[in-house]
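Participant: structure of the sequence below:
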Amino acid sequence: MKKGSPRTGVRGKVTRTNLPTEIRQDQILLAARKLFREKGYHGTSMQDIADAVGLQKGSLYLHITSKEDLLLDIVNRAHQDISEGLEAIYQLHLSPSEKLKQAIRHHTSFIARNREALWVLLEETRHLSPEKRKAVDTQLKRYTDIFASIIEEGMRIGEFRPLDYKIAAFSVLGMCNWLYRWYSKSGPLKPEEIADILSDIILVSLTARPDETPQPLDKRQ
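Facilitator: Purely as a prediction, here's the structure:
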């Protein structure tokens, strides 16, 4: 390619920016993700995004097609990043308990390190069109189904006590997902330590038997 010749982006747009199209698109995505987290999808204008990356408003459309598609790209990237690790864990030859423990650690660690992305995924996807939202919901269902499958396997082999495995999966994800609201990097616990605590709570609940009475902590300790 000759110097100064047009570059074609992943969306088929042509740009003469000094930065490679892929790098500029990443900058736009990161800026939009931060703004959507801080101001909300509707509260963020295209001018806000342009200002954040040092572009003219019209120049944004050399890299993106619309604000809604930008939101969808953010959601899809977050889902892809978090799903790849979970899929790998699901394929491991481990006990259901160990799989669930690793899945919780993976999920919790990702949220702690990508709070902005999870915030947008969990809070802002409602602004997508019905068609795009349906595609996102299908992706999220696959993720939930993996957790449900791990729990169902544990129940089937007697490792976990009989429960509604789908409700159990929703409960596990609910506990983990809430980190995007309260987790702080300046807190006393690392993401892995939080994951271990959540795993302990969840696994004790799944393996406890109805006739087992929890022993109280010794208050003198």
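Participant: ok, longest helix in the chain?
Facilitator: As far as residue count goes, and with DSSP state H defining each element, the longest helix of the chain is helix 130-156.
Participant: quick check, distance from it to the centre of its chain.
Facilitator: Relative to its chain's centre, helix 130-156 lies at 13 Å (CA atoms, centre = their mean, to the nearest Å).
Participant: just the buried residues of the helix or strand that that helix is followed by, please?
Facilitator: Using DSSP states H and E, the helix or strand that follows helix 130-156 in sequence is helix 165-177. Neighbour counts over helix 165-177 (16 or more other CB atoms under 10 Å) mark 165, 168-169, 171-173, 176 as buried. All C-beta spots, glycine's among them, are computed from the backbone N, C-alpha and C.
Participant: reformat those as a markdown table; add pLDDT and distance to Ile49.
Facilitator: Listed next are these as a markdown table, based on pLDDT from 0 to 100; distance: CB to CB, whole Å:
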| residue | pLDDT | distance to Ile49 |
| --- | --- | --- |
| Tyr165 | 93 | 42 |
| Ala168 | 94 | 40 |
| Ala169 | 95 | 36 |
| Ser171 | 93 | 37 |
| Val172 | 94 | 35 |
| Leu173 | 92 | 30 |
| Cys176 | 90 | 30 |
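Participant: hang on, Thr125 in a helix?
Facilitator: Yes: looking at Thr125 with DSSP: H, G, I helix; E, B strand; the rest coil, it is inside a helix.
Participant: thought it was touching Ile74?
Facilitator: No: with contact defined as CB atoms under 8 Å, Thr125 does not reach Ile74; the gap is 9.5 Å.
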